[in-house]
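[1] What follows is a predicted protein model with its sequence.
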Amino acid sequence: MAYLETHGVGKRFTLHERGGDQALALSEVSLAIERGTLVAIVGPSGCGKSTLLQIMAGLISASTGEVCLNGRPITAPPFEVVYVFQQYTKSIFPWKTVWQNVAFGLQNRKGLDKTTLAVQCAEYIRLVDLAAFENHFPWQLSGGMQQRVAIARALACQPDVLLMDEPFSSVDAMTRAGLQDLLLRLWQEFSLTVVFVTHDVDEAVYLSQRVIVMSATPGRVVGDIPVPLAYPRDQLVTREAFEYIDLRRQLYQRIFPSERAAQRQVA
Amino acid sequence: MKLGALLQSRMSGFALLVALLALWELSVRTGLVRLVSWPAFSSIVRAWFKLIAQGEMLRHLGHSLERLALGYALAVAAGVLLGLLMGYFPAIYNFLEPVVEILRPIPSPAYIPMAILFFGIGDRMKVFMIVFACFFPILLNTCSGVKAVDPVQVNTGRTFGLGSWQILRQIILPAASPYIFTGMRISLAVSLMLTVIAEMVAGNNGIGLFILLAQRSFRVSEMYAGVITLALLGYVLNVVFVQIERRVMRWHVGATTMETR
């Protein structure tokens, strides 16, 4: 039995408040994610990958099937799991300073005394290189720094699982590379289980040990591809490796088969 | 200073105020207006200082401020609490909304007679009137503020294991605070209005009563002195409010100016 499993998870959304039309967002998604692995889920927009992640986090309920963590079905957000949102500008509380934001999860998790809390907060803030910005408000920080606050806040709770929903999609390319390497470093340091949703195939291959490919309407798993690239990975060396380029090509073909076929016909 | 530069600066508004008062003074001094009901501004200022020195004005002001503060504080407490609950729990919203929508449009002075029947003509009636009138703007703004909170913020609380009450206090309340302050600002003006009206209708002290009695006994300068006291009071209350808001909402001022850049 794997650490995090989904069994035939499906999700219907009602399109109107009064009921009636329903849309099938996910259909029969069964996954088994081993403890300590870094798994990426890729797919075109609208394939339900974020919905799947939210069901895994216990934030929304599945219409069919169930999600199990360590053998127990998830009904509410489990304390071993923290979800990192794509919209960090909203997820980081604008009325709290960096320090207060990082302390937020901790304060609500355990009956920590103030000194332990302060020590732990400082440690995780240092880990994401924001020690000099402890007393800044989010609006005083760049996008990449704000997402680092969100990561520090999540890690401060010492979770087993990080569920990340396109966490780096709204920062610039250079900041993104930095955040990717930060994530890889933290994943190994804390033996985390990471499920990383992205629409960026390059990012999926660069980060993960395994890429799950989804297709749209309804969202289904259409591929599950291991990434046998060695860690530590490097933005230049890894991305130039033949295996990397080959995997990237395979994934693109799998995600956009029809479009590629159409392009070839035109050519 | 050239005229153009004067208009650009903040001084221009102050200059207009001084010019209007000078015009008022001159209209009487030159004999342009000869009315008992239109005394020179200088004689109003003299009357005002005399009333302050005698302690009469401050005594009335004290009574007015006391009921205003009590009524306003109760309205803020009730409005914020119920607004949070109505905004957050759809069941409570559905339950209370029709009653609120029926009561809210009634102009507050219309239920003074009813309030007198229930509470007499003393302080309890006046405080009730202030609470009732100030309650709705705070309630409705708080409620809209809660409904406008982004689901991402609520879900952030949930993923960190917060329960409904913790989310309400730690996330919804601060996230809705810009709306809450808007409601409180509207109600501050309403509270001053209701204080004066209630004192005029049924009072034995307070600035409202003072103005009314001065008018009835043809102490016209004193009547104006009372009105000027209210103008000053309203101005000071607003300045104090803005200072408090700025301090509490320091994060919001920065965040919003950032967005508009």
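    All right, it came through fine.

[2] Residue of the stretch 1-150 of chain B closest to chain A, please.
    B:Asp150 (4.8 Å; CB to the nearest CB). Bear in mind the C-beta positions are built from the backbone N, C-alpha and C, glycine included.

[3] Correct me if wrong: that residue contacts A:Lys90.
    Yes: counting by CB atoms under 8 Å, B:Asp150 does reach A:Lys90; the two are 4.8 Å apart.

[4] ends of stretch A:62-77, how far apart?
    13 Å (CA to CA, to the nearest Å).

[5] and chain A, which residues reach chain B?
    By CB under 8 Å from any CB of the partner chain, the residues of chain A that approach chain B are A:54, A:57, A:59, A:77, A:79, A:81-83, A:85, A:87, A:90-91, A:93-96, A:104-105, A:108-109, A:137-140, A:157.

[6] What is the neighbour count of residue 54?
    As the question left the chain open, I've gone with chain A. 23 (other CB atoms under 10 Å in any protein chain shown).

[7] try again with chain B
    For B:Gln54, the count of nearby residues is 10 (other CB under 10 Å).

[8] for B:Leu65, same thing?
    The number of residues near B:Leu65, taken as other CB under 10 Å, comes to 17.

[9] Who are the contact partners of it?
    Counting by CB atoms under 8 Å, 6 or more residues apart in numbering or on different chains, B:Leu65 makes contact with B:Leu233.

[10] which SS state does it fall under?
    Using DSSP: H, G, I helix; E, B strand; the rest coil, the structure places B:Leu65 in helix.

[11] more crowded one of B:Asp150 and A:Lys90?
    A:Lys90 (18 against 14).

[12] Mind telling me what element that one is part of?
    Using DSSP states H and E, A:Lys90 sits in helix A:88-91.

[13] Give me the contact list for the helix or strand that comes right after that helix.
    Moving toward the C-terminus from helix A:88-91, the first helix or strand encountered (DSSP H and E) is helix A:98-109. Contacts to helix A:98-109, defined as CB under 8 Å, 6+ apart, come from residues A:79, A:82, A:92-93, A:96, A:112, A:117, A:120-121, A:124-125, A:130, A:133-138, A:141, A:149, A:152-154, A:156-157, B:160-162, B:166, B:170.

[14] What about the residues you listed, which are in strands?
    Members of the contacts of helix A:98-109 lying in strands (criterion: DSSP state E): A:Val82.

[15] among the helices and strands of chain A, which has the poorest mean pLDDT?
    One helix or strand of chain A scores below all others by mean pLDDT, DSSP states H and E: helix A:257-266, with a mean of 60.

[16] thinking again about what came up before, just the buried ones from the contacts of helix A:98-109, in ChimeraX syntax?
    Buried residues within these, by 16 or more other CB atoms under 10 Å in any protein chain shown, are selected in ChimeraX with:
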select /A:79,82,92,93,96,117,120,121,124,125,130,133,136,137,138,141,149,152,153,154,156,157 /B:160,161,162,166,170
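
[17] Could you tell me which of the contacts of helix A:98-109 belong to helices?
    A:Leu117, A:Gln120, A:Cys121, A:Tyr124, A:Ile125, A:Val149, A:Ala152, A:Arg153, A:Ala154, A:Ala156, B:Gln166 (DSSP state H).

[18] Report the residue spans of the chain with pLDDT below the cut-off.
    You didn't say which chain, so I picked chain A. Across chain A, the ranges flagged by pLDDT under 70 are A:17-20, A:110, A:258-267.

[19] hm, I was asking about chain B
    In chain B (pLDDT under 70), the answer is B:1-2, B:6, B:257-261.

[20] Might you enumerate the residues of it proximal to chain A?
    Going by CB under 8 Å from any CB, the residues of chain B near chain A are B:150, B:152-153, B:155-156, B:158-162, B:166, B:170-171, B:174-175, B:177, B:250-252, B:254-255, B:258.

[21] what about burial for these, which qualify?
    Of those, these count as buried by 16+ other CB under 10 Å: B:153, B:155-156, B:158-162, B:166, B:170-171, B:174-175, B:177, B:251-252, B:254-255.

[22] helix/strand/coil for A:Thr214?
    Residue A:214: Met, not Thr. Recorded secondary structure, A:Met214: strand (three-state DSSP).

[23] and it, what are its bridge partners?
    Taking DSSP bridges, one finds A:Val221 as the beta-bridge partners of A:Met214.
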